[in-house]
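In: Here is a sequence together with a model predicted from it:
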Amino acid sequence: MIELTDRAREMIGELCSRRESPAAGLRIARRRSGLGLWMSLVDEPGDGDAVIEVEDVVLYLDDAAQARLADRTLDARSNAQGAAFFV
């Protein structure tokens with residue numbers, strides 16, 4: 001299962017707290033082009049998403065993200081554009 005660093009968990013929590021939905025979370029899914037993964041803040045999971053709760057944050061992963069991130073750690077940093085997440 002995917003793991004989160006403390007910093008990633010804090011940043012996801014901060015971003016989701018700005019949304020008005022109690023189910024807000026970070027969704028990681030296959031890009032529409034089929035190449036790579038895409039991350040976005042959403043108010044609910046997509047069809048078929050796995051719901052992963054890590055302490056006080058929620059991740060929504062589609063099948064492709066589950067397969068590629070099963071044994072990975074998600075980290076985060078702040079940059080000029082805001083939050084940057086990487087595996």
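Out: Received the coordinates, thanks. The structure presented is a predicted model; accordingly, all values stated were derived computationally and were not measured. Numbering: from 1, shown residues only.
In: could you pull out the strands for the protein?
Out: Under the criterion DSSP state E, the chain contains strands at 3-4, 25-30, 37-42, 50-54, 57-61, 73-79, 82-86.
In: what number of residues lie near Ala76?
Out: Using other CB atoms under 10 Å, Ala76 is surrounded by 21 other residues. To be clear about C-beta, it is placed using only N, CA and C from the backbone, and glycine gets the same treatment.
In: so it sits right up against Asp6, yeah?
Out: No. Applying CB atoms under 8 Å as the test, Ala76 and Asp6 come out as separate, 9.6 Å apart.
In: still on that earlier bit, format the strands of the chain as TSV; extra columns: mean pLDDT.
Out: Output for those, formatted as TSV (pLDDT from 0 to 100):
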stretch	mean pLDDT
strand 3-4	93
strand 25-30	96
strand 37-42	94
strand 50-54	95
strand 57-61	97
strand 73-79	87
strand 82-86	70
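In: residue nearest the centroid of this protein?
Out: Leu26 (3.3 Å; CA atoms, centre = their mean).
In: Switch the strands of the chain over to TSV; also include distance to Glu14.
Out: As requested, the strands of the chain are exported to TSV (distance: least, CB to CB, whole Å):
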stretch	distance to Glu14
strand 3-4	13
strand 25-30	11
strand 37-42	11
strand 50-54	14
strand 57-61	10
strand 73-79	10
strand 82-86	8
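In: and the angle from the longest helix seen in the chain to strand 25-30?
Out: For the chain, the helix that runs over the most residues, judged by DSSP state H, is helix 6-17. With axes from the mean of the first three to the mean of the last three CA atoms, to 10 degrees as the basis, helix 6-17 and strand 25-30 are set at 110 degrees to each other.
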